[in-house]
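Q: this one's sequence-less:
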């Protein structure tokens, strides 16, 4: 996730992506995402089990910003907000 300026990149894990993005968009969660107004979903991955998802999140958090940007560029070149796409 990011904000409208695409500056901070936030990585998280959840068992309900639609609910979690809704919370970010409506500023129902505090911390880093509230401080930087992070409310735009630009990349996501879906896993069947939470252990794999948590391990992937930990790996992504260790990647350099340039690698994360390349990953997002490949998945979502326009950096569009994908929230409406996942709500279908």
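A: That came through fine. Only a predicted model underlies this, so the values are computations on that prediction, with no experimental measurement involved.

Q: for the chain, where's the lowest mean pLDDT among helices and strands?
A: Counting by mean pLDDT, DSSP states H and E, the chain has its least confident helix or strand at helix 31-35, which shows a mean of 91.

Q: just how off-centre is it within its chain?
A: Centre-to-centre, helix 31-35 and its host chain are 13 Å apart (C-alpha atoms, centre = their mean, to the nearest Å).

Q: Heading C-terminal from the lengthiest helix in the chain, find the next helix or strand.
A: Using DSSP state H, we find that the single longest helix of the chain is helix 50-62. Per DSSP states H and E, the first helix or strand lying C-terminal to helix 50-62 is helix 65-75.

Q: After that following helix, heading C-terminal, what element do we hit next?
A: Using DSSP H and E, the helix or strand that directly follows helix 65-75 along the chain is helix 83-86.

Q: helices and strands around that following helix, which ones?
A: helix 17-25 (3 or more C-beta pairs under 8 Å, 6 or more residues apart in numbering; DSSP states H and E). The way it works is simple: take the backbone N, C-alpha and C, and place the C-beta from them, glycine included.

Q: quick one: buried residues of stretch 53-71?
A: For stretch 53-71, the buried set under the neighbour-count rule, 16 or more other C-beta atoms under 10 Å, comprises 53, 60, 68, 71.

Q: neighbouring contacts of that stretch?
A: Applying C-beta atoms under 8 Å, 6 or more residues apart in numbering, the contact partners of stretch 53-71 are 9, 11-13, 43, 45, 47.

Q: Including neighbour count and distance to residue 76, could those residues go into CSV?
A: Converted to CSV, these look like this (neighbours: other C-beta atoms under 10 Å; distance: C-beta to C-beta, whole Å):
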residue, neighbour count, distance to residue 76
9, 20, 12
11, 15, 15
12, 17, 17
13, 17, 19
43, 18, 6
45, 13, 12
47, 13, 19
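
Q: With secondary structure and distance to residue 85 as new columns, can those residues be given to me in a markdown table?
A: A markdown table is the format used below for the contacts of stretch 53-71 (DSSP: H, G, I helix; E, B strand; the rest coil; distance: C-beta to C-beta, whole Å):
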| residue | secondary structure | distance to residue 85 |
| --- | --- | --- |
| 9 | coil | 19 |
| 11 | coil | 19 |
| 12 | coil | 18 |
| 13 | coil | 19 |
| 43 | coil | 12 |
| 45 | coil | 14 |
| 47 | coil | 18 |
